[in-house]
Every structure is written in structure tokens, then in C-alpha cells.
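[1] Provided below for reference: sequence and predicted model.
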Protein chains: 2
Amino acid sequence: MCELLGMSANVPTDICFSFSGLVQRGGGTGPHKDGWGITFYEGKGCRTFKDPLPSFESPIARLVQEYPIKSHSVIAHIRQANRGKVALENTHPFTRELWGRHWTYAHNGQLKGYRRLETGQFRPVGGTDSERAFCWLLHKLSQRFPQTPKNWTSVFRYIAELANELSALGVFNMLLSDGRYLMAYCSTHLHWITRRSPFGKAMLIDQDIEVDFMQQTTAHDVVTVVATQPLTGNETWHKIMPGEWKLFCLGEGQKGL
Amino acid sequence: MCELLGMSANVPTDICFSFSGLVQRGGGTGPHKDGWGITFYEGKGCRTFKDPLPSFESPIARLVQEYPIKSHSVIAHIRQANRGKVALENTHPFTRELWGRHWTYAHNGQLKGYRRLETGQFRPVGGTDSERAFCWLLHKLSQRFPQTPKNWTSVFRYIAELANELSALGVFNMLLSDGRYLMAYCSTHLHWITRRSPFGKAMLIDQDIEVDFMQQTTAHDVVTVVATQPLTGNETWHKIMPGEWKLFCLGEGQKGL
């Protein structure tokens, strides 16, 4: 299995603190040693750092912890391989273009019968169930919405239907973003927290690091973090129940979905 | 304008030496301060490091110079913006999937009337002439070869025809790779050199760095480097003439095209 981490914020925010907790689980405090990756959106553009090496000893992961890249939307993943060998092409997150936007996706879980998923013009490059499920999802979306959709709520509702189909094939926890929205679909484990004023202090569970968000934020900042398991021990994280999903935009949870 | 750098090698090889020369031109010895990027292929997978900041002062560029990522195929680019603002989505190289492979592309030049290029299902994310030309090229390829082609020579011949059409719109120097092949199309300036046994020493033009390739290679290694302008002063680089192109596979130039 793997661990997921996502962020959605109303002002460009760095994720150094949360990512420092995650990378420890990549071969340090956790067994997810088969690669890691993180995608940052800056405007419509995005960039991904990834490595098939364990994150807790990767020089690239160290750079990402030390170099604060400020972003509205982030997706990160550390991998414990099951389907698909340890290789760069099998390292999450995966990014593909649809409707002139980059879509980024990471999956935690394992699917059976995934080779039967039709992917149309979105062909997988690697051998994972995860990438194939992503290609299938984009293919279904491009069929349902051949033109750029106007009603994004209906798009994400349809993605949730597709995610229900995928989770019938096994375990399917997913983070998905187009740079504006962050969608979290839970099949077994996913937790989230929204931090806003008045900000307090937080302590990582996996590493002896404390941060005082008050020092780093303004009163208007709203930052949501989503993770497989809570990353801090002194805050209250919300569990997403199996079969449920959450949509965040600029840090705020979207209602009425 | 911009500068391009590409590598094709028969054994996984790092590009730290050549990249160190290129980054100096990114705001140091050259005016290409509007971002930079580099894509490494490892097997079918690839990863890109990019930054809209000048390369000569980018911490990410420093990591790439110091952390030897070994690759069969590399494409790098430093940008001096003309069409499209300085932004991450406009930073080369661009990577898209076709036929289940990642295709990576970087462009040096400037095109007129590029907004009329039809791109079908490959929609540009940013605002550059370069990305639009890449999307058009992939769209034309997917129309000509709806299934994965078997004859790769005919694919690259067709790409060269398309590149001829693009260079009729302005200046179009291009590097393109699918991880196995590296194609270099010249509209004004591109140079290449193939290094093989017996290896010698090389000295960068832009920085006081010398390398002794003998220390880093075996007698079987074949490494081709392609660059807008020669990167070393003591070796003989070959110029690709305007309207001509070269195809490399595992370091070796392909003949009979």
C-alpha cells in the first residue's frame, strides 16, 4: 500500500512541514520505500519531483523539504509497490492533460481485473493498476464531456461515480487535482484538516518537528491538508468514511455535492 | 530566443558537465533568464525539473548539477521569453503521452500565425507558440498513425515534414525524444558531437570546468550531445544546416533517413 498527501490553499502555501512528516514514512518510520513523488501547481502550470528511491534518503526529497515552493494545490505520494515493478514510470503522481488543464492523480490501494479497463486515447506508459485506472477515468470523462465542461460540480460528481466503480475492484483511495480543485475519494483511509485563523502550533507524529502556523500565515489564510493517516498528534483530523469523498477549492471544503 | 541541450547515450549517462555550461547562459553568461527545464528518461519513465527562475541562481538547477541522474536520453532548455509570459506552464520541456510513450519536446525560436494550428485532442495549457506547435505535431501524428507505428523511420520522416511546415512560420529549432530516439531539427542553429573511445578531456566555454571523460566512461560508451551553440572550446562540434535534421538512438546517429 502507499500513503497520500494533498493540500489546497487560498494563498500560495508551502507544504514543507507536512511533507517532512510524510517522507519519514518512506522507508524511515513506515515501509513505503518504493519511490515517492510530489506535484505542485503554480497557476495553470505544475511541476513534479519524483524518485524511485526511498524518500527518507532521497536528495531530491531533501530539496523539496528545504526549498519552500508555494502552491495553491499539491499532491504527494509515497509508494509500497504491489502491482507494477519499482520504476520511474510507475511512480506517482501521474499527470495528463484534459480540456487544456493538467490533471494530477495519485492512488493508494490495489485493484483486481484492472487490465479490462478501456483507456481509449489515454494509454498507460507503465504497468500499474493505478495509472491504468487514471487513464480509464480520463477516457470516460473525455467521452462524457467532449468539450470543456462549464459545470464543475457535475464533473466531480461523475468522477465520484467512476471512483465507486473502481473501488468495487479493490481498494481505491485517490487524490485528484486540476490545480484549482482537490478531490479526495476514500475507499478505506483518508483524513483531512482545515487550518484557519486563529492558527496554532502543530507537532508531527513521525519526526520531532513543531511549527507555529501563526508565524507563517495571515488572518485570511485557509489551508486544507488531506493525508492517509493524520500527520500531527495535537490537532483534530476528520476521517472521510469509506465510499465518501470531499472536494476542496482554494482551501475550502465544497458543500452541496 | 532560447538555448537547447539534448543527450543520447548507449549507457545511462549523467549530463552534469554539459548542463553546468548551459545554466551559466541562463542569466549568467547569457540572457536566457526566463526559466529553464530538463527532462531525464530512465527506461519508459521520465522526470522533469523546471523553474520559472533564472537557471544560474536556481537551487533546483544546483541540485541537477550536483546529483548525477543517469539517463539514455535528456532534453534541456533555457528560456528567453518572447511569446507567452514567464510562468511555469510556459516553461519547456513539454511532455505528453502518445502511443503509450512519453514524448518530450523543447523549442527554440518564434512562430507567426501559430494560433491557427489545429491541435485536436492535445490542447495547450499555456500561451506559447512552442506548446501549441507541439500539440499540433502530436495531433497530426495521431491522425497519421492512429495505432502504434511499427516503422519508426517513417514516423521521424513525417515529423521532419511537419517541422518543415512549422519553420515556414518563423524560427523552429526543436529537440524531441520518446526516451529511445532523440531528434534534432534545425531551422537556424544546432550543433552536435558524438564522444566515443578513446575519450579525452573537454573544457566548458561558459565556466571554468574541465572534465576527463576517460575517468567516467568505458570503452563501449557512445554519447551524443546536441546544443544550440557548442558547449566546449577544445572539441569539434558539427553544425546541423538550416532545414536539416538528425536522429540519434542510443548515442548513434541514424543513417539512411
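    Everything's here; your move. The structure displayed is predicted, hence computed values, not measured ones.
[2] just list whatever residues bridge to A:Thr13.
    Note on A:Thr13: beta-bridge partners by DSSP bridges are A:Ser71.
[3] okay, now it: neighbour count?
    Residues lying near A:Thr13 (other C-beta atoms under 10 Å in any protein chain shown) number 25. (Each C-beta comes from the backbone N, C-alpha and C, glycine too.)
[4] and the gap between it and chain B?
    Distance of A:Thr13 to chain B, given as C-beta to the nearest C-beta, to the nearest Å: 16 Å.
[5] again, but for A:Ile38
    A:Ile38 is 12 Å from chain B, by C-beta to the nearest C-beta.
[6] extract the CA atoms of whatever helix or strand that residue lives in and return them as PDB.
    In the assignment (DSSP states H and E), A:Ile38 maps to strand A:36-42. Taking C-alpha atoms only, strand A:36-42 is exported to PDB below (Å, rounded to 0.1, in the frame of the first residue of the first chain):
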ATOM      1  CA  TRP A  36       7.800   8.900  -4.000                       C
ATOM      2  CA  GLY A  37       6.600  11.900  -5.900                       C
ATOM      3  CA  ILE A  38       5.100  15.400  -5.300                       C
ATOM      4  CA  THR A  39       3.300  17.700  -7.800                       C
ATOM      5  CA  PHE A  40       3.000  21.500  -7.200                       C
ATOM      6  CA  TYR A  41       0.600  23.700  -9.100                       C
ATOM      7  CA  GLU A  42       1.600  27.300  -9.700                       C
END
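[7] my guess is A:Trp36 meets A:Val23, correct?
    Yes: counting by C-beta atoms under 8 Å, A:Trp36 does reach A:Val23; the two are 6.9 Å apart.
[8] if we can go back for a sec, give the other helices and strands that the strand holding A:Ile38 contacts.
    helix A:16-24, strand A:45-51, strand A:71-78, strand A:101-111 (3 or more C-beta pairs under 8 Å, 6 or more residues apart in numbering or on different chains; DSSP states H and E).
[9] give me the beta-bridge partners of the nearest residue to A:Ser142 once chain neighbours are set aside?
    In space, and not counting its chain neighbours, A:Ser142 is closest to A:Leu98: 6.1 Å by C-beta to C-beta, 6 or more residues apart in numbering or on different chains. Beta bridges link A:Leu98 to A:Arg101, judged by DSSP bridges.
[10] contacting residues for A:Leu98?
    When contacts are counted by C-beta atoms under 8 Å, 6 or more residues apart in numbering or on different chains, A:Leu98 touches A:Leu138, A:Leu141, A:Ser142.
[11] between A:Trp36 and A:Val23, which contacts overlap?
    Common neighbours of A:Trp36 and A:Val23, using C-beta under 8 Å, 6+ apart, are A:Ser55, A:Ser58, A:Ala61, A:Ile78.
[12] which of those residues lies closest to B:Arg180?
    A:Ser58 (26.5 Å; C-beta to C-beta).
[13] about what we covered before: between A:Trp36 and A:Val23, who's got more neighbours?
    Neighbours were counted for A:Trp36 and for A:Val23 using other C-beta under 10 Å; A:Trp36 has more, 34 against 29.
[14] tell me what the helix or strand harbouring A:Ala163 is packed against?
    Element membership of A:Ala163 [criterion: DSSP H and E] is helix A:152-167. Packing contacts for helix A:152-167, counted by 3+ C-beta pairs under 8 Å, 6+ apart, involve helix A:129-144, strand A:170-177, strand A:181-185, strand A:245-249.
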